[in-house]
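Engineer: Okay, sequence plus prediction incoming.
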Amino acid sequence: MAGKGQGGFGFGLGKMKELTEAFKKAQQVQEGAKRLQEELDELEVIGEAGGGLVKVVLSGNQEPRRVEISPDALGEGAEVVSELVAVAMTDAYNKSTATMRERMEELTGGLNLPGL
């Protein structure tokens, strides 16, 4: 019966090695996520509408940076300009979301972390 207890001990060491590797991978992801956050803060994503008459600029983290409205768009009236701004905002948001998703996949790809 003493042999059964010894066998369990070896199995526990193997699991400890797996746990240590999982912690290392999690730390890599955490460090990468911090760098990614900094990169996204500096990144500018541009959404456009009306063939460039209106541009909305967001950070990679979807924080508004600025809105650029061509003087040519102003002659179209407030309603048209409002619609163009909304379309440009949606474009910028979709682009920034896609960029964030791609960068996260690059960060977590190949790590085989459960749940990611």
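Structural biologist: Here it is on my side, so go on.

Engineer: Output the below-cut-off pLDDT ranges for the chain.
Structural biologist: Counting by pLDDT under 70, the chain has low-confidence residues at 1-14, 110-116.

Engineer: mind listing the helices for it?
Structural biologist: 2-42, 71-74, 78-108 (DSSP state H).

Engineer: of all the ones you listed, which lies closest to residue 61?
Structural biologist: helix 2-42 (4.7 Å; Cβ to Cβ). Quick note: C-beta positions are derived from backbone N, CA and C, even for glycine.

Engineer: thought residue 49 was touching residue 87?
Structural biologist: Yes: counting by Cβ atoms under 8 Å, residue 49 does reach residue 87; the two are 3.7 Å apart.

Engineer: of these two, who's got more company?
Structural biologist: The neighbour comparison of residue 49 against residue 87 (other Cβ atoms under 10 Å) goes to residue 49, with 21 against 16.

Engineer: how far away is the more buried one from residue 89?
Structural biologist: Residue 49 is 9 Å from residue 89, where distance means Cβ to Cβ, to the nearest Å.

Engineer: centroid residue for this structure?
Structural biologist: residue 100 (2.4 Å; Cα atoms, centre = their mean).

Engineer: OK, contacts around that one?
Structural biologist: 40, 60-62 (Cβ atoms under 8 Å, 6 or more residues apart in numbering).

Engineer: what does residue 84 give?
Structural biologist: 49-50, 53-54, 69, 73, 76.

Engineer: do that again at 10 Å, thanks
Structural biologist: 48-51, 53-56, 69-70, 73, 76 (Cβ atoms under 10 Å, 6 or more residues apart in numbering).
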